[in-house]
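Enquirer: Got a predicted model here, sequence first, then my questions.
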Amino acid sequence: MAPVPISPINVGHIDDVQELTKTKPKSIPERFVRDITERPDQLSTSPTHMPIIDFSKLTNSSNTQDFTIETLKLASACEDWGFFQVKNHGVDLKLMESIEELSREFFMLPLEEKQKYPMIPGTVQGYGQAFVFSEDQKLDWCNMFALGIEPHYVRNPNLWPNRPEGFR
C-alpha cells in the first residue's frame, strides 16, 4: 500500500543536507536555523541524562514492580524527551551492525539514487524530511530514510532500495 499524505500542505523544495555540506556553505540556510529560544540547553541534553529503558523489564511479566517502574520511565521518556535508549532488547548485535552498515552505505549513495525513494510530503516513509507541514517551518539538519515494517499493511515495497546490495 502506498503511503498516504498526512497533510495536503505544499512544502516546496527542501534542500538535501548532505548535498549542502558538500558545497561548504558559508552559512546555514535560514530554513534550518532555529530561533535561539527554540534551541536546546546543552546541560539538559547531555547524553548522560538521556532516558534508558530496560526492555527486559517490560517483557518479563513475573516482576510487576519492575514492569510498573519501567513503564513509568518509558512514559516519561516519551513525554519529556521524545526518544530514549533501549537496553536488553534481545536484538542480535550482528544484525544491528549489519543494518547500521547497510544504512551507512545507503546514505553514501549519490543523491540521484537516494531520490528514487522519495518521502511523499506529509508522510514519514521514504528518503527526505519528515513532519514538514509548512513553508515557514524550521527543519532539522538531517536527511532521513524511514520504512514502515509493522503492521504489514504499512509496508511500501516501492520504497525498499535495490542498492546497496542486501538492503532488501
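Expert: That came through fine. The model shown is predicted, which means the values in this text are computed figures rather than measured ones.
Enquirer: My assumption is that residue 153 lies in a helix; please confirm.
Expert: Yes. Checked against DSSP: H, G, I helix; E, B strand; the rest coil, residue 153 lies within a helix.
Enquirer: how near is it to residue 118?
Expert: 21 Å (Cβ to Cβ, to the nearest Å). Backbone N, C-alpha and C define where each C-beta goes, glycine included.
Enquirer: These two: which is more packed in?
Expert: residue 118 (13 against 7; other Cβ atoms under 10 Å).
Enquirer: List the backbone torsions phi and psi for the closest residue to the more buried one other than its chain neighbours.
Expert: Counting by Cβ to Cβ, 6 or more residues apart in numbering, residue 126 is the residue found nearest to residue 118 once chain neighbours are left out, at 5.2 Å. Dihedral angles of residue 126 (phi, psi; degrees, to the nearest 10) stand at phi 110, psi -170.
Enquirer: what sits against the residue nearest to the spatial centre of the chain?
Expert: Geometric centre of the chain, nearest residue: residue 144, 6.0 Å, by Cα atoms, centre = their mean. Residue 144 makes contact with 119, 127, 128, 129, 130, according to Cβ atoms under 8 Å, 6 or more residues apart in numbering.
Enquirer: Who does the third one form a beta bridge with?
Expert: By that I understand residue 128. Applying DSSP bridges to residue 128 gives these bridge partners: residue 144.
Enquirer: tell me the pLDDT at it?
Expert: With respect to pLDDT, residue 128 scores 83.
Enquirer: Sketch out the low-pLDDT regions of the protein for me.
Expert: 1-13, 40-48, 121-122 (pLDDT under 70).
Enquirer: please redo it, this time with the cut-off set to 80
Expert: Scanning the chain with the threshold set as pLDDT under 80 gives 1-15, 38-49, 60-61, 120-123, 130-137.
Enquirer: Could I get the full set of helices for it?
Expert: 17-22, 55-59, 64-80, 93-108, 111-114 (DSSP state H).
Enquirer: Appreciated, that's everything.
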